[in-house]
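In: sequence and predicted structure, then a few things I'm wondering about:
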Amino acid sequence: MVHIGGAAGDFLALAGLVKDRLDAIQTWTSTHVHTGVTMGVGTSGTAVGVTGSNEVKATKVKGV
């Protein structure tokens, strides 16, 4: 069920924005490297997130 306006629950995700976001994540994960790493025990630092907007939702259409 889809409601237009304010009588619904969450905003729906827009397919184009979701695809763009997933593509950005895929690009980032496939090109992400750690420099200066040596073999042994320990952990690396926290990864820096993908740049860009996290918003993938519609602004007017909500679904239930």
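Out: Now that the structure is in, tell me what you want to look at.
In: residue boundaries of the strands in this structure?
Out: Assigned strands in the chain, in chain order: 2-4, 10-13, 57-63 (criterion: DSSP state E).
In: strands paired with the second one, and their directions?
Out: Strand 10-13 sits in its sheet next to strand 57-63 (antiparallel), going by DSSP bridges.
In: quick check: pLDDT value at Asp23.
Out: At Asp23, the model reports a pLDDT of 87.
In: returning to that earlier point: could the strands of the chain be laid out in a markdown table, adding distance to Ala24?
Out: No exception for glycine: its C-beta is placed from N, CA and C like everyone else's. A markdown table is the format used below for these (distance: least, C-beta to C-beta, whole Å):
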| stretch | distance to Ala24 |
| --- | --- |
| strand 2-4 | 27 |
| strand 10-13 | 15 |
| strand 57-63 | 16 |
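In: any chance of those strands in TSV with mean neighbour count and mean pLDDT as columns?
Out: Converted to TSV, the strands of the chain look like this (neighbours: other C-beta atoms under 10 Å; pLDDT from 0 to 100):
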stretch	mean neighbour count	mean pLDDT
strand 2-4	10	67
strand 10-13	14	75
strand 57-63	13	73
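In: what is the neighbour count of Thr35?
Out: Using other C-beta atoms under 10 Å, Thr35 has 4 other residues around it.
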